[in-house]
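*Asks:* Next come a sequence and a model predicted from it.
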Amino acid sequence: MVLEKEIFKEFENVVGVGNIDDGEVITDAYAYNWCMEFFNYMDGKEPLPYSPRPKAVILPSSTEEVQKIVKLCNNYGIQVKAQSTGLGPWNCVSTDNSIVVDLRRMNKIVKIDEKNLYCVVEPYVSGAQLQVEIMKYGLNCHMPGAGPQVSPLASATSMNGPGFTSPSTGHSSRNVLGVEWVLPDGEIMRLGSWGMKNNPDWFVGDGPGPSLRGIMRGWAGAKSGIGIFTRVAVKLFPYPCSTDFELSGHSPDYDFKIPDFMRLYVMDCKNFKRLDEIMLQVEKEEISFMCSYLSGLAVMAIFANNFEQMMELMAVGSMKAPLVVIIAARTKREFEYKQKVMDYLLEKNKLENIIGTKYTPYPVFFAEALRSNLGLHGFIATGGFQSTLGQCDTAKVCLNTAASNVPVKKIFIKKESVANDFGEGIWMTSYESGHYFHVESPTMFDQSNKHSVEGTAQYFERSNEMGLVKHLGAPFFAEGDRMHDMFGPHMHNYHLWLRKIKEAFDPNNIADGGFYITAGKGKKGVSKGE
Amino acid sequence: MTEVKEEKKMVRGFAGLIYAVLTPLNEKEKFKEKFAKTQVKILINASNLNYAALIIVDNGTIDVESIPNKPKENLEKKNAGWDAFIEMHAATFLAFAMKRLSLPGMAKLVLKREVRLKGLRKLLAMMQMMKILAE
Amino acid sequence: MDKEEYERMIQKCLRCSICKWVPQIQVKSQKYATICPAMDMYNFHTYSGGGKIILALSYQLGRIGPSDELRDIVFKCTECGGCAVSCKFLNTLEPLEIMMEFRERLVKDGCGPMPAQQKYIEAVKQVNNPYNEPHADRTEWLPKDIQTDPNSKILFYVGCTASYRRQEMAIATARIMNAAGIRFRLLEDETCCGSPILRTGVKDAFLESMNKNLDAIEALDVDTVVFTCAGCYDTFKVDYSLHRKYNFEVKHSVELFDELIQNGKLKLTTEVPLTVTYHDPCHLGRNAERYEEWDGDEVELMPLVKINIPKKQKRCGAEGVYDAPRNILKSIPGLKLIEMERIMEYSYCCGAGAGVKSAFPEFALQTAQIRLEEAEDTGAEIIVSACPFCSTNLQDGIKEKGSKLQFYDINELIMMALGMDIKKVKEKAAEVA
């Protein structure tokens, strides 16, 4: 379905010629996304990586243009779906009566306030772009695990948000300050101190009045289902070490001058019980830049940039419960202190750091760690990967989740639907020095193999069911009506509240809620204990 | 005078993987010491892949050659010249190499005939090698 | 790229957007973080490397058919290979090869190349060059005082652009070779290398050009063929050797001159007090990496997981020619070299390649201006490169932008350092620009 000529013209008048297209070729590329095939399979459709084709794709350059677009959509009953860098099926439209608002032209770093440690960005500023600009001030930002090429604004306002540096930079939801929000009716809402009548500024995310950050994004984000975010202020953090970032050589075998005062520890905690204790001990000391439990194969993956290189690391992969910790410091004194703490913990827990003794990674690993590029290594083995689980809870629950998932995954390994990681493919990280934890199970599949795609989709469903049956909570890709209706009744009927929010904020159902929720009645359930 | 060019031999298939995994032992002092007086040939065949790996330990050095595993006769002792032999699915090998399969687990697979082996005592040398590799 | 590999790979784009940026760890500023000229020009994801892979899949699945819309999008790409370098840091896709294969398939289905490209392809068929200039005039650039030797072991393959449009480059290269005591030979019946044809997907016509050239050269007793054009160099080195073996060495003039400087046959003694920045041509840099023959095994270690034994070459541009031009510039007394942010295998394209200059001149010009802004930001007064396509497009861009930058071909700087008068050579450039 394309836009009618007159309607097209109206949109074109907003953004200018060349910034809107409803041709089948342009729009078909926006129908495609990574893992869309799973959602199609779960909906009983052909497991192809395509959603419905959007009606058009439009490229606004300012909040005012976004507002006009949304108002036009209200006039004509067309749904709207915003995206920036666009990684993931939740960027796809759920109906062919939806237009994609591609925020590529909104790519300014509006403000860097190095004294108050925040910056204001537009949607198409990538994590890497932001990081290099704030590094000039000795600062760093949170980057989601999806990598430095994605949008911090998208993660802060609309998606989940664990990252490799979460021990020090938290979850995306925790980093949101002022927000500029184009509501589904086209009005602009300003959250936090940016909404003040006099001298508005971006530095606080709460107020005026009740904080709406939870409404806006909750834990998992609304994936454009509640409006379009055009600017956001996010917290900044001190850069963990020297900002000298010297690479040499050529891709992919770059050499990197590891900054002074940066050190990697990889220790085998042998079992989950010890891992739980040790991870908490490390995090309690508030010294880590990165602190992750990665399964043996995942550790092999982060140290390699191709599968052949991974296989050379089998000895490293034989660890049963590896804990990966990076400490970094800006001064010698700070570094010595952090090392002392780690030495103490290693001795106390009878751990051995294999780095420098049994294994030394290529220096480029450190560059990737600083740039939060490690998550993309999950694609090395088969070219396709997605994660199940994604619980956000105590370390114990996260590890319990990981352990519970093993037999479920093994079923699908045996069926040859997912690659064999012994069932234990896991990434677990702490948030904010161990205040809470994130766990997900990276799962490798082959997009070009139908059996693998279908089997992986089935595995996802089983993994989600396991979350319910074992009271482990919702996975971090809990999105869309089906999943909210599945989890909601067991989680204090949040799905009913989510529907009310959707209805209140989007009475005309203009924001494409395919990966959020649609307003309407939903089934109430009674959670145990109510 | 004729120049003799030394061509780097191609270790094929699964054997190439074993080659990549094991030949770093040549740089390990502990291996050189422990196996200084050892001469043993161990054949590992991955039942689902081509090219079995003939591991040759010779007085502190280790090398790997590839032997096509079809026809089956190629892998017989008289043809391949091994002192010990083990055959399993490549995934089983990986699981064992990465300590996801214990010795009792392996024994179970032997009983189920999913793993075939001959020359158990000499095979234990391989376990020692894997241990040194992990150090 | 074989059919099976193509059909498998087009299903594997992760839509991660990495193809739009320089390799993530090489991002040095917000301003110069992008690598895809098509994305910077047109903004729709469809124009990115990943976007075009998606189109290849959509086309394969019959979701879209041949159309002017499709043709325009697919051909609005300089095939610079930047997306491939970024993607392949971790991935095993081949975005550039997929795009080239996709173009071939579209051309076979009557969807491409662009009319302007078809025109120049026809010109190559008729008069052996895409500029529709008389074939007989191909060697007109050669000054009478240049010494050649019809029996030389070194053949100077001039290429169409240096022969007809950027003659100053041909002259400069010839003069420098003479200065080093090299009396080269020319190919009597030189024909287009076929690069502008290959990169628009017209494979058959490319193979014709290739065979014509190789037949002609192999009939001569030459050891080395020297190029001043990065496009011709890459085409001979990489694309020809994919299809046919030949028995001579290929060298770009920067490689030859670097060698000659190192071994003292060229003495750069005259001060050239200029501040320059060097633009890496795509076809001398990341794309000039030969395919290595691989006779290994693809082993399915476990279901879904394959490993190459031994490891297969991953062409990420590491073997491009980066050191030679930089060595030359550093050897020039008084010359100061300041690097741009996007260099070597993650250099930003000048905008001219793969038929874009002919078919989409506005796109080519805008891309050049983006690159020139980056050069200006270094504080350099000169932008220098080693490719006639880059030369033309960047000079057009300088004019359009009103930039204070000047463009010099690297050979011109060498001439200056040799104490040669480059006025006449520069005049030649002014005639053509």
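*Replies:* Thanks, I have it.
*Asks:* check which helix or strand covers the residue of chain B found nearest chain C.
*Replies:* Going by Cβ to the nearest Cβ, chain C is nearest to residue B:16 of chain B, at 3.3 Å. Where C-beta positions appear, they are placed from N, C-alpha and C, glycine not excepted. Per DSSP states H and E, residue B:16 falls inside helix B:13-22.
*Asks:* Can you list the neighbours in contact with that helix?
*Replies:* Contacts of helix B:13-22 with the rest of the structure, by Cβ atoms under 8 Å, 6 or more residues apart in numbering or on different chains, involve A:308, A:311-312, A:314, B:10-11, B:44-46, B:49-55, B:62, B:64-67, B:90, B:97, B:129, B:133, C:296-297, C:299, C:301, C:307, C:309-310.
*Asks:* Same question for the helix or strand following that helix: list its buried residues.
*Replies:* Beyond helix B:13-22 on the C-terminal side, the first helix or strand identified by DSSP H and E is helix B:29-34. Using 16 or more other Cβ atoms under 10 Å in any protein chain shown as the test for burial, helix B:29-34 gives B:31-32, B:34.
*Asks:* which among those gets closest to residue A:381?
*Replies:* Distance to residue A:381 across the buried residues of helix B:29-34 (Cβ to Cβ) is lowest for residue B:31, with 29.0 Å.
*Asks:* The residue nearest to that closest one when sequence neighbours are not counted: neighbouring residues, count only.
*Replies:* Counting by Cβ to Cβ, 6 or more residues apart in numbering or on different chains, residue B:31 lies nearest to residue B:25, which is 4.3 Å off, once chain neighbours are set aside. When neighbours are counted by other Cβ atoms under 10 Å in any protein chain shown, residue B:25 registers 21.
*Asks:* Ok, residue C:188 next?
*Replies:* Neighbours of residue C:188 using other Cβ under 10 Å come to 10.
*Asks:* Please give me every residue in contact with it.
*Replies:* Going by Cβ under 8 Å, 6+ apart, the list of residues near residue C:188 reads residue C:216.
*Asks:* do the same with the one 10 residues further on
*Replies:* With contacts defined as Cβ under 8 Å, 6+ apart, residue C:198 is in contact with C:100, C:206, C:235, C:239.
*Asks:* per-residue confidence for it?
*Replies:* pLDDT for residue C:198: 97.
*Asks:* and what of residue A:527?
*Replies:* As predicted, residue A:527 sits at a pLDDT of 45.
*Asks:* Over to residue A:310?
*Replies:* pLDDT at residue A:310 comes out at 89.
*Asks:* what's the domain layout of the chain?
*Replies:* The chain I'm using is chain A. Here the domain parsing of chain A from automatic domain parsing is A:5-105, A:109-238, A:258-376, A:382-469.
*Asks:* oops, I was thinking of chain C
*Replies:* Split by automatic domain parsing, chain C gives C:1-112, C:115-262.
*Asks:* most packed of those domains?
*Replies:* Ranked by mean neighbour count, the domains of chain C are led by domain C:1-112 with a mean of 22 (mean count of other Cβ atoms under 10 Å in any protein chain shown).
*Asks:* For it, give the mean pLDDT please.
*Replies:* Here the average pLDDT along domain C:1-112 is 97.
*Asks:* measure that domain end to end?
*Replies:* 20 Å (Cα to Cα, to the nearest Å).
*Asks:* returning to that earlier point: so which of the contacts of helix B:13-22 are in strands?
*Replies:* Among those, DSSP state E puts B:44-46, B:52-55, B:62, B:64-67, C:297, C:299, C:301, C:307, C:309 in strands.
*Asks:* tell me, which of these make contact with chain A?
*Replies:* C:301, C:307, C:309 (Cβ under 8 Å from any Cβ of the partner chain).
*Asks:* Turn those into a markdown table, including pLDDT, neighbour count and distance to residue B:74.
*Replies:* Formatted as a markdown table, those follow (pLDDT from 0 to 100; neighbours: other Cβ atoms under 10 Å in any protein chain shown; distance: Cβ to Cβ, whole Å):
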| residue | pLDDT | neighbour count | distance to residue B:74 |
| --- | --- | --- | --- |
| C:301 | 87 | 23 | 21 |
| C:307 | 91 | 26 | 22 |
| C:309 | 90 | 26 | 19 |
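*Asks:* Show residues contacting stretch A:135-145.
*Replies:* Contacts for stretch A:135-145 (Cβ under 8 Å, 6+ apart): A:112, A:114, A:117, A:119, A:127, A:130-131, A:134, A:150, A:152, A:155, A:159-166, A:169-172, A:175, A:234-240, A:243, A:245, A:330, A:371-372, A:375, A:427.
*Asks:* roughly how far out does stretch A:450-458 sit from the chain middle?
*Replies:* Offset of stretch A:450-458 from its chain centre (Cα atoms, centre = their mean, to the nearest Å): 23 Å.
*Asks:* swap that for stretch C:374-385, sorry
*Replies:* Per Cα atoms, centre = their mean, the centroid offset for stretch C:374-385 relative to its chain is 20 Å.
*Asks:* Nearest residue to the middle of chain C?
*Replies:* For chain C, the residue sitting closest to the mean C-alpha position, by Cα atoms, centre = their mean, is residue C:283 at 2.5 Å.
*Asks:* Nearest to chain B within chain C, name that residue for me.
*Replies:* Taking Cβ to the nearest Cβ, chain B has its nearest neighbour within chain C at residue C:309, 3.3 Å off.
*Asks:* How about that residue: which residues does it bridge to?
*Replies:* For residue C:309, the beta-bridge assignment (DSSP bridges) gives partners residue C:297.
*Asks:* wouldn't it be in contact with residue C:295 here?
*Replies:* No. Assessed by Cβ atoms under 8 Å, residue C:309 is found out of contact with residue C:295, at 10.9 Å.
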